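In: Got a sequence here, can you build the structure:
(2 chains)
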There are 2 protein chains.
Amino acid sequence: MEVDYAYDRAPSSLFAAPGPAVASSGLERWQPLLPPLTAPGLGEGGTPLVELEPGIFIKDESRNPTWSHKDRLNRCTVSAALGLDAPGVVVASSGNHGASAAAFAARAGLRCVVFAAPDMPPAVDAFLNAYEAVVLPVPRDARWPLMRMVVDRMGLHPVSNLTRTHTGHSFGPEGYKTIAYELYLDLGVVPTAVCVPTGYGELLYGIWKGFTELRRLGVTERLPRMIACEPAAAAPLARAVRQGLPAAEVDVRPTDAYSIVSSVSGYRGVVAVRDSGGQVVVLDDGQLRDARRELARAGLWTELSSAAGLAAVRALGLRDEPVVCVSTSSGFKDRAVGDRSSEDVLPEWTAVQSRLHAAGIR
Amino acid sequence: MEVDYAYDRAPSSLFAAPGPAVASSGLERWQPLLPPLTAPGLGEGGTPLVELEPGIFIKDESRNPTWSHKDRLNRCTVSAALGLDAPGVVVASSGNHGASAAAFAARAGLRCVVFAAPDMPPAVDAFLNAYEAVVLPVPRDARWPLMRMVVDRMGLHPVSNLTRTHTGHSFGPEGYKTIAYELYLDLGVVPTAVCVPTGYGELLYGIWKGFTELRRLGVTERLPRMIACEPAAAAPLARAVRQGLPAAEVDVRPTDAYSIVSSVSGYRGVVAVRDSGGQVVVLDDGQLRDARRELARAGLWTELSSAAGLAAVRALGLRDEPVVCVSTSSGFKDRAVGDRSSEDVLPEWTAVQSRLHAAGIR
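Out: Numbering: from 1, shown residues only, chains lettered A, B, ... in the order given. Below is the predicted model:
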């Protein structure tokens, strides 16, 4: 069987010569509002916006070159390393940031050193090694002093934080702000609220900056409320905002949301929440799991941390349209991935049939 | 520190209202040349084309909703299930196809049953379960008869093959052909050759069909040579082409390229190779690993099977510009992912330093 069409009724404009229908261009499109993109790209950015239900949108950042939002940052920070003639980059990360830095460094012909936590998820271990980064598992508290040594003694360019209170690479939020540009173009309006999984608050701030630029350029008057979504296991930004501090430090309790758990907040997170009239929402692992399940039922498998945006929408009962949840990364990066399930092989039809009946399929 | 810009020098056209700068639309863009897209989409397609070196391009299909090319197929096949009022879909797959079917079925509110091989990679196991599919591990040879039972007795719609000689869902290549449309729009010309990882040959055929439609519509005169890239462990299409048969069957030897290993070829693969003046290239696991390493060094971490296109380019010494290699999926889906490496934690600077020295960083 072959499918046929009324070819003569296809619109003549359907193949109007090279249009911007594909996402290949990467951040270059925004070069006039970005630092010099010296490092070669991998088609980062231009991610889809999926409507979960009327008025609630998921910005799916798992559709980047290393399947997380960090690629927007690293296109900019690895460009900085090239611009400074550094022999490579160094990053403290046990996940998305490290892998993304390794990918963009490899693409640019630079070395990459990753200080990782001893308990990083197994799939992330394979991920970091794939790009031939030098992966160094070190005790968690040692990572920043050791990174400083590598920067000072070997001249590698740091693409993540080096200090106790988080102050990330200046170019990081520049990459992230392109999410705001894309949201505006995709929706045709500025959303009423943007919910962002928040560790150090760099992504939160970058997106906020992008919207403020749109207002500055006269593109739009409206600005969104920025909703910071922190894990209950460690919510330093919530504390900083509550106490009117520029940043805060808290104890860390156990959580599976490893990508957004942090004992310290950065200075920028407070700015984004305060200036936008936003708020911080604190979410326990149960709320995160519920949101992740809801996303998977809509066809989007996310890392647990990535579900924090939707978890906040549900916790706040947000209905203002349009609301955007930024989903930062894919489910492959979670801790449980790689744990073999112990399901038995089903030898024949009766065994299959009873499993299907148990699942409600008859 | 904050980055500032000459905002008044930004082009006034930069935010010209809602343009097609983002990839959110999914296959809808091509609806006039596709079956009815009844099932809701997830922003599938519109994947980036990354230039590996001058004239050699990688079409990165890991940038789809479930991170493989299969999403183009399943948008169309799950739409067929909805159109037929089936209560769900059933698929035989131990990898990308199953997960993609599960995601689109979940999005459409349909059940999904996946017959999987007992030895599927651990990360894929987590992947299939995430979308709440009913995953049934069965002996390899039993999967098609069991699938037929589920179709006949429970009315689930089959979105993969049911027969000994492969005859996939008719709508599958319809989804795949959109790759040809995108390649034409992105390159501005038809490539001289398209290298495609080949199991049953559905992707190969779908892309070929897309280009023939472009010629039929008067968009272009040129057609590409279709290069089928089969694993040496099982190359039924190579045999069919060599012996002038419509399809062939071969014994299967061990390989890590699990996504493209098949004892039987489909009828469509021969058509694509023959009509395009193309050829079949047979690649051993060493060639696939070399190509995968080359891709990772350029920042693209792929499944072993996905590197077959570039492996063929290297085996043939292709230099004709432009040549496109379709990279079907991400490295997360490989067998080795989830195997914890046994690296020791490095307690302090001297240990770190000696590891860096060993890696050539001083």
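In: Name the helix or strand of chain A that has the lowest mean pLDDT.
Out: Using mean pLDDT, DSSP states H and E, the weakest-scoring helix or strand in chain A turns out to be helix A:122-130, at a mean of 84.
In: if I pick residue A:354, what's in contact with it?
Out: If a contact means CB atoms under 8 Å, 6 or more residues apart in numbering or on different chains, then residue A:354 has no contacts. No exception for glycine: its C-beta is placed from N, CA and C like everyone else's.
In: again, 10 Å this time
Out: Applying CB atoms under 10 Å, 6 or more residues apart in numbering or on different chains to residue A:354 gives the contacts residue A:346.
In: Distance of it relative to residue B:58?
Out: 45 Å (CB to CB, to the nearest Å).
In: One more: residue A:98?
Out: Residue A:98 is 23 Å from residue B:58, by CB to CB.
In: next one: residue A:41
Out: Distance from residue A:41 to residue B:58, by CB to CB: 13 Å.
In: Now do the shared contacts for those two.
Out: Counting by CB under 10 Å, 6+ apart, the residues touching both residue A:41 and residue B:58 are B:48, B:50, B:51.
In: Could you list the domains of chain A?
Out: The record's domain split for chain A, according to automatic domain parsing, is A:28-66+A:172-333, A:70-158.
In: for these, which one sits closest to chain B?
Out: Closest approach to chain B among the domains of chain A is made by domain A:28-66+A:172-333 (2.7 Å; CB to the nearest CB).
In: coming back round to it: from the shared contacts of residue A:41 and residue B:58, keep the buried residues only.
Out: When neighbours are counted using 16 or more other CB atoms under 10 Å in any protein chain shown, the shared contacts of residue A:41 and residue B:58 contain these buried positions: B:48, B:50.
In: could you pick out which of the shared contacts of residue A:41 and residue B:58 are near chain A?
Out: When contact is defined as CB under 10 Å from any CB of the partner chain, those meet chain A at B:48, B:50, B:51.
In: Tabulate the residues you listed in a markdown table, adding columns for pLDDT.
Out: Listed next are those as a markdown table, based on pLDDT from 0 to 100:
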| residue | pLDDT |
| --- | --- |
| B:48 | 94 |
| B:50 | 95 |
| B:51 | 94 |
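In: Any chance of a markdown table for those, columns secondary structure?
Out: A markdown table is the format used below for those (DSSP: H, G, I helix; E, B strand; the rest coil):
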| residue | secondary structure |
| --- | --- |
| B:48 | coil |
| B:50 | strand |
| B:51 | strand |
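In: sorry, back to before: can you lay out the domains of chain A as CSV showing distance to chain B?
Out: As requested, the domains of chain A are exported to CSV (distance: least, CB to the nearest CB, whole Å):
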stretch, distance to chain B
domain A:28-66+A:172-333, 3
domain A:70-158, 4
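In: And residue A:98 and residue B:58? Which one has more around it.
Out: Taking neighbours as other CB atoms under 10 Å in any protein chain shown, residue A:98 and residue B:58 compare with residue A:98 leading, 30 against 25.
In: So what sits opposite the nearest residue to the more buried one once chain neighbours are set aside in the bridge?
Out: Once flanking residues are discounted, residue A:98 sits nearest to residue A:114: 4.1 Å by CB to CB, 6 or more residues apart in numbering or on different chains. For residue A:114, the beta-bridge assignment (DSSP bridges) gives partners residue A:91, residue A:135.
In: Report how many residues lie close to residue A:114.
Out: Number of residues near residue A:114 (other CB under 10 Å) recorded here: 29.
In: Could you do residue A:271 as well?
Out: Neighbourhood size, residue A:271 [other CB under 10 Å]: 17.
In: Checking my notes, it in a helix, right?
Out: Yes - assigned with three-state DSSP, residue A:271 falls within a helix.
In: For residue A:228, see how far away it is.
Out: Separation of residue A:271 from residue A:228 (CB to CB): 11 Å.
In: so what's in contact with these two at the same time?
Out: Residues touching both residue A:271 and residue A:228 (CB under 10 Å, 6+ apart) are A:201, A:204, A:205.
In: Isn't the first one up against residue A:235?
Out: So that's residue A:201. No - using CB atoms under 10 Å, residue A:201 is not in contact with residue A:235; the gap is 11.4 Å.
In: Please identify which of the two sits among more neighbours.
Out: Taking other CB under 10 Å, residue A:201 and residue A:235 do not tie; residue A:201 has more neighbours (32 against 26).
In: what are the phi and psi angles of that one?
Out: When read as degrees, to the nearest 10, the backbone of residue A:201 gives phi 90, psi 10.
In: how about it, what does it touch?
Out: Neighbouring residues of residue A:201 by CB under 10 Å, 6+ apart: A:166, A:168, A:173, A:208, A:226, A:228, A:230, A:236-237, A:240, A:247, A:260, A:262, A:265-273, A:280.
In: Which ones among those map onto strands?
Out: A:226, A:228, A:230, A:280 (DSSP state E).
In: No more questions from me, cheers.
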